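**Student:** Prediction below, plus the sequence it came from.
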Amino acid sequence: MAVAQELDRCIDLCTRCAQECHECADECRDMEGMEDCVRACDLCASTCETCVSTMRSGSNAMCADCARECDACAAECRRHGHEACQRCADMCGECADQCRRSMAA
């Protein structure tokens with residue numbers, strides 16, 4: 001896949017990941033014991049949004065940071081049995097994988 005196509009796919013996945021993280025954080029915010037999940041989701045969403053802005057300028061400079069935050073968020077969300085957490089973990093894993101592909105392109 002060409003570099004531009006990899007970045008376009010990464011922009012799409014990072015956008016979707018940020019949305020999923022926001023939704024997960026919103027669902028978990030009022031649940032007891034979910035503070036780490038909310039923090040991980042909020043940080044991941046913010047990092048994904050920054051990564052999207054950077055990629056729209058044609059740079060993949062934030063992809064490593066984004067992949068790292070997505071991996072951390074996925075690991076935290078996988079610790080919980082909530083459906084929102086599992087959806088978030090899956091999306092974060094997919095986004096992290098695409099960020100790594102975009103770095104290699």
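**Tutor:** Nice, thanks for sending it over. Numbers count the residues shown, from 1 in each chain.

**Student:** Report the outermost residue of the chain with respect to its centre.
**Tutor:** The outermost residue of the chain, judged against the average C-alpha position, is residue 32 (23.3 Å), by C-alpha atoms, centre = their mean.

**Student:** what does the model give that one for pLDDT?
**Tutor:** Residue 32 carries a pLDDT value of 94.

**Student:** give me the element it is part of.
**Tutor:** Applying DSSP states H and E as the criterion places residue 32 outside every helix and strand.

**Student:** Repeat that for residue 12.
**Tutor:** Counting by DSSP H and E, residue 12 is part of helix 3-28.

**Student:** moving C-terminal of that helix, what's the next helix or strand?
**Tutor:** helix 35-56.

**Student:** and residue 81, how far is that from residue 57?
**Tutor:** Note on residue 81: its distance to residue 57, by C-beta to C-beta, to the nearest Å, is 39 Å. C-beta coordinates here come from the backbone N, C-alpha and C atoms, glycine included.

**Student:** I meant residue 76, not that one.
**Tutor:** Distance of residue 76 to residue 57, computed by C-beta to C-beta: 30 Å.

**Student:** do the same with residue 77
**Tutor:** Plainly put, residue 77 is 29 Å away from residue 57 if you go by C-beta to C-beta.
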